[in-house]
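Engineer: structure for this input, please:
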Amino acid sequence: MTAGGADPHTLLGAYVMDAVTEPDRARFEQHLAGCEACQEDVLAMREAVARLAVATAVVPRPELREQTMLAASRIRQLPPVISEEPAGSPALPSVAAEPPGGTGHVPAGPGSWPDPATGRGDAGARPGGRARSRWRTAWLPRLAVAAAVVLAAIAIGFGSAMQGAQHRLDQATGRSHAIAAILGAPDATMLTARITTGGTATVVMSHHDRALVLTAADLRELPAAKAYEVWLMSRSGARAAGMLPAPNGRMAGPVVVTGLAPGDQVGLTIEPAVGSPRPTTAPILMLRLGS
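Structural biologist: You can find the predicted model right below:
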């Protein structure tokens, strides 16, 4: 969005939604520094945006995992095993038609057709039947055990995935609530500062809650092995406050920082992507938070 030479107040909504051009952003931020009414409106609108983000998070019902696992346990993994008739059971009479020119005798079944050479009735018996029976007896239990192992592995993997997703959702929901609380605090104050390597940092802080929210815009792109790390810096040293997430478009953050102490400043340095317990480079941002 661009407003040309229009009243800076008309840029307020677009600025909060990050929908302004760079010249308009710079012009509005210059106006914002001296306009108390706009500062209050920006805080109120950012609180509303944060609440919208919380409203879209859907927490699964606690019993969902239990219901899913119960349903999986009821699904048959193998067809039912049909037991063969006992060896001594009488054969059922065959419904086959009498052979042409026969004597009126109908063989009892496929295994009783007479042998043309001997006339005995067991020539059609299938010797492979017992072998197949033994094969089923030996292998079906093993297949059942293997299927049970596979099902257990799938269930464990599914449960782990559900727990991981729930953990990430809980973290996102907690962070959104923390952001909304800071933005809506009665003493919330917004500060902006330039980053020496390029870009702008915006901090909304509450002295009462001893917490702040930091975002950044137009940061310089870093190599894959590097990242921006946020610090709370004071005379007693630097305390790691979190890694700034990779930029999503022009914006990076937010980072929620808690545990503010009198005299703290917000610092930003370039560190290894995994983070560092103490700064290893000179700060590219030092923002005094006030008393």
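Engineer: give me the buried positions along the helix or strand harbouring A26.
Structural biologist: Under the criterion of DSSP states H and E, A26 resides in helix 22-32. The neighbour-count check on helix 22-32 (16 or more other C-beta atoms under 10 Å) flags 24-25, 27-29, 31-32 as buried. For every residue, glycine as well, the C-beta is placed using N, CA and C.
Engineer: can you lay out these as a markdown table showing distance to A71 and pLDDT?
Structural biologist: Output for the buried residues of helix 22-32, formatted as a markdown table (distance: C-beta to C-beta, whole Å; pLDDT from 0 to 100):
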| residue | distance to A71 | pLDDT |
| --- | --- | --- |
| D24 | 55 | 83 |
| R25 | 52 | 84 |
| R27 | 59 | 86 |
| F28 | 54 | 85 |
| E29 | 55 | 86 |
| H31 | 59 | 86 |
| L32 | 55 | 85 |
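Engineer: how about E40, secondary structure?
Structural biologist: Put simply, E40 is helix when judged by DSSP: H, G, I helix; E, B strand; the rest coil.
Engineer: that one: how many residues sit nearby?
Structural biologist: 12 (other C-beta atoms under 10 Å).
Engineer: quick check, pLDDT for A48.
Structural biologist: pLDDT, A48: 66.
Engineer: oh, I was asking about S73
Structural biologist: Looking at S73, its pLDDT stands at 72.
Engineer: ok so, going back, looking at the buried residues of helix 22-32, which is nearest G267?
Structural biologist: Nearest to G267 among those, counting by C-beta to C-beta, is E29 at 21.0 Å.
Engineer: which non-adjacent residue is nearest the closest one?
Structural biologist: Ranked by C-beta to C-beta, 6 or more residues apart in numbering and with sequence neighbours excluded, the top spatial neighbour of E29 is T192, at 5.9 Å.
Engineer: give the pairing partners of the particular helix or strand that has that neighbour in it; include direction for each.
Structural biologist: Element membership for T192 (DSSP H and E) is strand 189-194. Strand pairing for strand 189-194, using DSSP bridges, gives strand 200-206 (antiparallel).
Engineer: quick one: the strand it pairs with to helix 22-32, angle?
Structural biologist: Computed with axes from the mean of the first three to the mean of the last three C-alpha atoms, to 10 degrees, the direction of strand 200-206 lies at 30 degrees from that of helix 22-32.
Engineer: send me strand 200-206 as PDB with only the CA atoms.
Structural biologist: Extracted in PDB, the C-alpha atoms of strand 200-206 (Å, rounded to 0.1, in the frame of the first residue of the first chain):
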ATOM      1  CA  THR A 200      14.600  -2.200  11.700                       C
ATOM      2  CA  ALA A 201      13.800  -3.700  15.100                       C
ATOM      3  CA  THR A 202      10.500  -3.000  16.800                       C
ATOM      4  CA  VAL A 203      10.000  -3.700  20.500                       C
ATOM      5  CA  VAL A 204       6.800  -3.600  22.500                       C
ATOM      6  CA  MET A 205       7.500  -4.000  26.200                       C
ATOM      7  CA  SER A 206       5.700  -3.900  29.600                       C
END
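Engineer: next helix or strand past it?
Structural biologist: Strand 200-206 is succeeded, C-terminally, by strand 211-217 (DSSP H and E).
Engineer: residues near R288, how many?
Structural biologist: Neighbour tally, R288, other C-beta under 10 Å: 12.
Engineer: and what of G249?
Structural biologist: When neighbours are counted by other C-beta under 10 Å, G249 registers 7.
Engineer: now L232
Structural biologist: Around L232 there are 21 residues (other C-beta under 10 Å).
Engineer: contact partners of the helix or strand hosting it?
Structural biologist: If you go by DSSP H and E, L232 is part of strand 226-234. Strand 226-234 has contacts (C-beta atoms under 8 Å, 6 or more residues apart in numbering) with 214, 216, 219, 222, 238-244, 246, 252, 255, 257, 259-261, 263-273, 275-276, 279, 283, 286.
Engineer: are any of those residues buried, and which?
Structural biologist: In the contacts of strand 226-234, the ones that pass as buried (16+ other C-beta under 10 Å) are 214, 216, 219, 238-239, 241-244, 252, 255, 257, 260, 264-271, 276, 279, 283.
Engineer: state the pLDDT value of N248.
Structural biologist: On pLDDT, N248 comes in at 78.
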